[in-house]
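heads up, no residue letters with this:
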C-alpha cells in the first residue's frame with residue numbers, strides 16, 4: 001500500500017501521485033463516507049489517500065482509504081441542492097478571481113464564496129483580474145471594493161495578463177502553498193496562471209460574444225505542482241456558488257466584521273434584522289460595518305429556510 005495525493009478527479013477515475021512522485025490512474029472500490037457529510041464526490045482533489053497498486057505496467061491502482069482532511073471548500077451541488085460538492089481539500093489558501101467587466105462578478109457571488117471559505121477555515125484572497133480593460137467607472141468600483149474588503153481583513157489584488165500587473169504579487173502568494181483557484185468562467189484565471197507558468201498550458205477560451213458570460217474551459221478540478229514549491233488547483237468556472245448547511249443563527253459568524261460585534265447584541269439569538277438592541281445594526285448606522293455588506297447579509301439570510309435554526 002502507498003500514500004498518494006489526488007491530483008485530478010474525473011468522477012470515476014482519479015489521477016494520484018504517490019510519495020515517490022509516481023503517477024497512478026486510480027479508482028475507488030465500494031462506498032466511501034467521509035466526515036459524516038453527504039457529498040456528490042466522495043474523493044476530491046487534494047485528498048490524501050491510500051492506494052493498492054493493481055497493474056504496475058499500466059500504472060493502475062485502487063483507492064482503499066482517505067485520510068482525515070485538514071479543511072476543504074464545498075458548495076451546493078448543482079445537481080442536488082441538498083448535497084455538498086467538495087471543490088478541493090487540504091488547502092493553505094484560496095484565490096477568488098473576479099472581474100468588473102467582461103464578465104462582471106457580482107458582490108453577492110464574492111460574499112457567498114468568502115462565507116464558504118470562512119465556514120471551512122480556508123484563508124481567502126480576492127484577485128480582481130483583467131484590469132487592462134477597466135475604464136474609469138470600473139476602477140472607481142475597484143477602489144471601493146478594495147476598501148470594503150481590506151478593512152475587514154481580506155487581501156485584495158489587481159491583476160492583468162496583458163500588462164503583467166499583479167503578477168509578482170500573485171506569484172509570491174503561491175510559493176510553497178497549496179492554493180485553490182476559483183471564480184466564474186471567463187474571469188481569466190487560467191490565462192493568468194499561464195502567464196505566470198507558461199509550461200502549464202492550461203486551456204483558455206474567450207467570453208461568449210453572444211451572452212457576455214464566460215465559457216467553461218476547465219472540465220475537472222486539477223492540481224499542478226509549482227516549479228518553486230507548492231501547488232495550485234484549477235477548478236471549473238462556476239456560475240453560482242450555492243451555500244449549504246448554513247443555519248440562520250450562524251450566518252453572521254461568517255462575516256468577520258459582524259463576528260467582532262455580536263457580543264454587543266441585546267439578545268443571544270439576534271438575527272440582526274428586526275430585533276431591538278442590535279449591535280450589528282448600530283454598527284451599520286455608525287459606518288463601522290458597510291451598508292453593502294449588511295444588505296448582502298440580509299439577502300443571504302432570506303435565502304436560508306425559516307425552519308433552519
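Done, it's in. Not measured: the values here are computed from a predicted model.

ok, which stretches of the stretch 151-300 of the chain are helices?
Secondary structure of the stretch 151-300 of the chain by DSSP state H, counting those that start in this stretch: the helices cover 167-174, 189-196, 256-259, 279-285, 291-303.

what is the second one packed up against?
Pointing back at helix 189-196 there. strand 93-98, helix 167-174, strand 178-182, strand 231-234 (3 or more C-beta pairs under 8 Å, 6 or more residues apart in numbering; DSSP states H and E). Every residue, glycine included, has its C-beta placed from N, CA and C.

how about these, which one is nearest residue 270?
strand 93-98 (29.1 Å; C-beta to C-beta).

now the helix or strand of the chain with the lowest mean pLDDT: buried residues?
Lowest on mean pLDDT, DSSP states H and E among the helices and strands of the chain sits strand 72-76, with a mean of 81. Neighbour counts using 16 or more other C-beta atoms under 10 Å place 72-76 of strand 72-76 among the buried residues.

quick check, central residue of the protein?
residue 182 (5.0 Å; C-alpha atoms, centre = their mean).

residues in contact with that residue?
73, 87, 94-97, 113, 189, 235, 238 (C-beta atoms under 8 Å, 6 or more residues apart in numbering).

for it, name its beta-bridge partners.
residue 96 (DSSP bridges).

what's the mean pLDDT across stretch 262-282?
Averaging pLDDT along stretch 262-282 gives 95.

what lies in contact with it?
248-249, 252-253, 258, 261, 289, 294, 297-298, 301.

quick one: residue 305 from residue 249, how far?
Here the distance between residue 305 and residue 249 works out to 13 Å (C-beta to C-beta, to the nearest Å).

same deal with residue 298?
Residue 298 sits 15 Å away from residue 249 when distances are taken as C-beta to C-beta.

next one: residue 68
As judged by C-beta to C-beta, residue 68 and residue 249 stand 27 Å apart.

so where does the residue of the chain most remote from its centre fall, helix or strand?
Most distant from the centre of the chain: residue 57, at 36.8 Å, with distances by C-alpha atoms, centre = their mean. Using DSSP states H and E, residue 57 sits in no helix or strand.

now it, what are its backbone angles?
When read as degrees, to the nearest 10, the backbone of residue 57 gives phi -70, psi -40.
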